[in-house]
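>>> what follows is a protein structure lacking sequence information:
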């Protein structure tokens, strides 16, 4: 499968240890932080422009959510109707279903101007701590906006956390 072929991913994986996430959760009891990552073969840290727009939208529409965007070496700009969100660390006050709802609301606002029949694809990852076990979990999603809506509706946090 090539990078440009669409694929569907909706998974929750346990992260063995992530010192960066642990440092974030220790210092940030509220909100979320968008984290730049290496992209492709480059060792430079990049963040998507969708992340920057999403952070601005969050600050305008949900000012009670503490949002931080970490500095990146470069910005990744897509020239399509796809939305690539950067890796997001969630503090204890922002549960995964709340974050996914915020993403869905953002996409709804962005898609108001879309052409009829245009379906955007979404890629996102969010890390959080399972409070019952103390383990770090990462939720990965890649699919179209309809699949994201289905995932949100069918999402059972307790079942995911027990996997």
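Yep, it's here. Every value quoted in this text rests on a predicted model; they were computed, and no experiment measured them.
>>> low-confidence regions, this protein specifically.
In the predicted model, the chain carries pLDDT under 70 at residues 1-6, 154-163.
>>> what about residue 65, how many residues nearby?
Counted with other C-beta atoms under 10 Å, the neighbours of residue 65 add up to 18. Where C-beta positions appear, they are placed from N, C-alpha and C, glycine not excepted.
>>> where do the strands sit along the chain?
9-15, 32-35, 37-38, 45-48, 67-69, 74-76, 83-84, 87-90, 121-129, 136-144 (DSSP state E).
>>> distance to residue 26 and mean neighbour count for those - can I get that in CSV?
Converted to CSV, the strands of the chain look like this (distance: least, C-beta to C-beta, whole Å; neighbours: other C-beta atoms under 10 Å):
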stretch, distance to residue 26, mean neighbour count
strand 9-15, 16, 13
strand 32-35, 12, 23
strand 37-38, 21, 12
strand 45-48, 21, 21
strand 67-69, 14, 16
strand 74-76, 28, 14
strand 83-84, 28, 21
strand 87-90, 11, 23
strand 121-129, 11, 21
strand 136-144, 13, 18
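>>> so for residue 151, which of those sits nearest?
Nearest to residue 151 among the strands of the chain is strand 9-15 (5.1 Å), distances taken as C-beta to C-beta.
>>> and stretch 29-39, how far apart are its ends?
One end of stretch 29-39 to the other measures 28 Å (C-alpha to C-alpha, to the nearest Å).
>>> for residue 53, see how far away residue 109 is.
Shown here: residue 109 relative to residue 53, a distance of 10 Å by C-beta to C-beta, to the nearest Å.
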